[in-house]
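>>> generate coordinates for the sequence data below:
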Amino acid sequence: MPAAFDDPARWTVTVLPLPKRMAFARVTGFCGGQVVGETEGRNGGAPVPHWWPGGQPQPITHPTQKRVAARFATGDAIAGFWNRSGGGFGGAVAWRRAGDALEVIDLHPGKEWDHTIAMGSGGGAFAGSGERKAKKGERSQDVALFWRPDGTLVELPPAEAGNEASAEGTDGQWIVGRVGRTGGQRAALWPADGSRVIVLGDERSITEACAVADGEQVGVRWTGKGNAAALWRGSAESFVDLTPKGHASGNARGCARGFQVGVVQVKDTLRSGSGSMATKAALWRGDAASFVDLHALVPAPWNASSACTIEVRDGVLRIAGDVTQFATTDELTPRESQHLVTSRPALWETRID
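Residues are numbered from 1 along each chain as shown. The predicted structure is shown next:
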């Protein structure tokens, strides 16, 4: 990573506004160059999906479903799903940009499926998972799914017959996710034709891959020592730990053009034993030594941040994520605790041409 990427003068950081009556935001991607995410009120309730065309929040809606969720967005599309009013997943749905508006695409394949969800988008395609309606005496399980740009559904194979799998991200040519049950899952990679599965995660750890682009896959690797930001290039042997020296943990969430973004922590646990909110948005270019602390560019009062997605548009490197303000009580004591004050969408930009 050239030293110039550490220079604050080359970056522009924009903190985007929240909708009225909302206090928190979690960013999930870009659609048509606009930030996408979900917001939530201070008193809880279901998160509300939004995007920020022109830097101002606009709700993301569905003509018949009131409880919708927006997940990873890239290019001109947003992956998501609707939830049942009584609770639980309903059906996969997506949105495509149509000028200044969003066009709804229903992806749920039919009544034989109990539920489906779309978690990632790319290249006009979508990735996710679902469960078929189980027959009496049978156990339902997650099936990894891929929707081609024309809407054709491809079921992606698990690592072993009868095992579970779920897909998280796609670039239209490749799909990433995980195989195996929760608690023993391993990162996985599939070609768009669904002909095979490549297990990226090793047998000694728990891994997940969440994004794929330009020949790279990123995610997280858990071991007894904590979690590490993970980068692969098509095989388990290609694994690279992106977690920078002096940091206890990391998680890579997006990649493009040889860049990776995510989040790191110097310390991930408070003296009380609870998890720390002190996260830092991170940028890499292929290895841990290339780490750039994006949080160092964030103004006060934001004391935490994370990056979730990256794109290159018109010669500009653009990174979307969240900035957070949290408060600490009984700091550096066994009673130390933190609570969230507010969080907002953020955009980091710098020219690379």
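
>>> burial count for Lys245?
Counted with other C-beta atoms under 10 Å, residues neighbouring Lys245 total 7. Where you see a C-beta, it was placed from the backbone N, CA and C, and this is true even at glycine.

>>> ok so it is a strand residue?
No - judged by DSSP: H, G, I helix; E, B strand; the rest coil, Lys245 forms no part of a strand; its state is coil.

>>> list the contacts of the closest residue to it other than its chain neighbours.
Of all residues not flanking Lys245 in the chain, Ala288 sits nearest, at 6.8 Å (C-beta to C-beta, 6 or more residues apart in numbering). Residues near Ala288 by C-beta atoms under 8 Å, 6 or more residues apart in numbering: 240-245.

>>> and Ile117, by the same measure?
So Ile117 contacts 71, 80-81, 89, 92, 128-130 (C-beta under 8 Å, 6+ apart).

>>> apart from its chain neighbours, what residue comes closest to Glu216?
In space, Glu216 is closest to Cys255, 4.8 Å off (C-beta to C-beta, 6+ apart).

>>> what number of residues lie near that neighbour?
The burial count for Cys255: 27, using other C-beta under 10 Å.

>>> what's the distance between Thr207 and Pro53?
36 Å (C-beta to C-beta, to the nearest Å).

>>> which one's more surrounded, those two?
Thr207 (27 against 16).

>>> name the strands paired with the one helix or strand that one maps to and say parallel or antiparallel.
Element membership for Thr207, per DSSP states H and E: strand 206-213. Note on strand 206-213: by DSSP bridges, its sheet partners are strand 216-223 (antiparallel).

>>> outside of the helix or strand that the partner strand is followed by, which residues touch it?
Using DSSP H and E, the helix or strand that directly follows strand 216-223 along the chain is strand 226-232. By C-beta under 8 Å, 6+ apart, the list of residues contacting strand 226-232 from outside reads 187, 189, 200, 207, 209, 216-222, 238-243, 248-252, 255, 260, 262-264, 268, 282, 284, 286.

>>> what residues sit buried inside strand 226-232?
Across strand 226-232, burial judged by 16 or more other C-beta atoms under 10 Å covers 227-232.

>>> and it, C-alpha only, in PDB?
Only the C-alpha atoms of strand 226-232 are listed here, as PDB (Å, rounded to 0.1, in the frame of the first residue of the first chain):
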ATOM      1  CA  GLY A 226      -9.800 -15.000  18.300                       C
ATOM      2  CA  ASN A 227     -11.000 -13.900  14.800                       C
ATOM      3  CA  ALA A 228      -8.900 -12.800  11.900                       C
ATOM      4  CA  ALA A 229      -9.700 -10.900   8.700                       C
ATOM      5  CA  ALA A 230      -9.400 -13.400   5.900                       C
ATOM      6  CA  LEU A 231      -8.400 -13.200   2.300                       C
ATOM      7  CA  TRP A 232      -8.400 -16.000  -0.200                       C
END
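
>>> report the angle between it and strand 216-223.
Using axes from the mean of the first three to the mean of the last three C-alpha atoms, to 10 degrees, the inter-axis angle of strand 226-232 relative to strand 216-223 is 160 degrees.

>>> next structured bit after strand 226-232?
strand 240-241.

>>> low-confidence bits of this protein, can you list those?
For the chain, the stretches flagged by pLDDT under 70 are 1-3.

>>> on that earlier part again, pretty sure the residue nearest to Glu216 contacts Gly215?
No - applying C-beta atoms under 8 Å as the test, Cys255 and Gly215 come out as separate, 9.4 Å apart.

>>> and Arg71, how far from Gly37?
10 Å.

>>> who touches both of the two?
28-29.

>>> one step back: including distance to Gly99, could the buried residues of strand 226-232 go into JSON lines?
What follows is the buried residues of strand 226-232, written out as JSON lines (distance: C-beta to C-beta, whole Å):
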{"residue": "Asn227", "distance to Gly99": "41"}
{"residue": "Ala228", "distance to Gly99": "42"}
{"residue": "Ala229", "distance to Gly99": "37"}
{"residue": "Ala230", "distance to Gly99": "38"}
{"residue": "Leu231", "distance to Gly99": "36"}
{"residue": "Trp232", "distance to Gly99": "37"}
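
>>> of all those residues, which comes closest to Gln173?
Among these, Trp232 lies closest to Gln173 (C-beta to C-beta), at 15.5 Å.

>>> let me know the secondary structure of Ala296.
Taking three-state DSSP as the rule, one finds Ala296 in the helix state.

>>> for the residue nearest to it when sequence neighbours are not counted, phi and psi?
Spatially, and ignoring its direct neighbours in sequence, Ala296 is nearest to Pro8 (7.3 Å; C-beta to C-beta, 6+ apart). Torsion angles at Pro8 (phi, psi; degrees, to the nearest 10) stand at phi -60, psi -20.

>>> Pro8 and Leu297 touch, don't they?
Yes - the criterion here is C-beta under 8 Å, and Pro8 meets it with Leu297 at 5.5 Å.

>>> out of the two, which sits in the more crowded spot?
Neighbours were counted for Pro8 and for Leu297 using other C-beta under 10 Å; Leu297 has more, 19 against 8.

>>> and the more buried one, what is it in contact with?
Per C-beta under 8 Å, 6+ apart, neighbours of Leu297: 8, 11, 13, 348.
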